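In: Please find the sequence and the predicted model below.
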Amino acid sequence: MELLLSYHRNHFFPARREIAGILRALGDPSPAVTRTGVMGMAVVSTSLDNREVVRKCKSLFATEDGFQHAIKLVPIDFWCETDLDAMKKVIEENVRGLIGEGETWAMKVEKRRWQKYHTIEIIRYLAESISQKVNLRNPDKLVRIDIVGRKTAVSVLKPGEIFSVGLP
């Protein structure tokens, strides 16, 4: 499973050591952390469930000072090329089935190193593939699109499934 890691600029190596040590302590014997080509972002590959990692990191952060360089972890469900049609295909084939009847949803797009479209254009194009009701204030599910250069991570998250040192 994978997570998108945000870290302080120019602190890749300390962030890699930090998160790899935490994952080993949680039971992953060989986590991998690779650069994305976008400053301050890396991909963490782990044998552990990515949502469970987020949950445990939140608990660790509440009780210890173990996070100095790794500042945010976002679970990744799917990858695709950074192309609107490729993103739409992932949503139609994988994402919309993860939002149940009667559930509400919202979409968040984070763009890094891709300025081809405005964020609102991306959301409008992708959102038309999901028929369930939108709730921007308190959705049951968050469809998160993280554009990281030529690759895009897509996640369907429930509230609380992101770890950030700046969030409770």
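Out: Sure thing, it's come through. None of the values given here were measured: they were computed from a predicted structure.

In: Figure out the helix or strand that the spatially most central residue of the chain lives in.
Out: The chain has residue 74 as the residue nearest its centroid, 3.1 Å off, counting by Cα atoms, centre = their mean. Assessed by DSSP states H and E, residue 74 sits inside strand 70-76.

In: next structured bit after that strand?
Out: Counting by DSSP H and E, what follows strand 70-76 is strand 78-81.

In: Identify each buried residue in the lowest-mean-pLDDT helix or strand in the chain, please.
Out: Lowest on mean pLDDT, DSSP states H and E among the helices and strands of the chain sits helix 50-63, with a mean of 89. By 16 or more other Cβ atoms under 10 Å, the buried positions in helix 50-63 come out as 50, 51, 53, 54, 56, 57, 58, 60, 61. C-beta here means a position set from N, CA and C on the backbone, and glycine is covered the same way.

In: check contacts around the fourth one.
Out: With contacts defined as Cβ atoms under 8 Å, 6 or more residues apart in numbering, residue 54 is in contact with 3, 73, 75, 161, 162, 163.

In: The second one - nearest residue in space that isn't next to it in sequence?
Out: This means residue 73. residue 163 (4.3 Å; Cβ to Cβ, 6 or more residues apart in numbering).

In: pLDDT value on that neighbour, please?
Out: On the pLDDT scale, residue 163 is placed at 93.

In: And for it, the neighbour number?
Out: 24 (other Cβ atoms under 10 Å).

In: if we take the buried residues of helix 50-63, which one ends up nearest to residue 105?
Out: residue 51 (17.3 Å; Cβ to Cβ).

In: Between the two ends of stretch 21-35, what distance do you get?
Out: End-to-end distance for stretch 21-35: 17 Å, by Cα to Cα, to the nearest Å.

In: quick one, phi/psi of the residue nearest to residue 40 when sequence neighbours are not counted?
Out: Counting by Cβ to Cβ, 6+ apart, residue 9 is the residue found nearest to residue 40 once chain neighbours are left out, at 5.1 Å. The phi and psi values for residue 9, taken as degrees, to the nearest 10, are phi -50, psi 140.

In: This completes my enquiry, with thanks.
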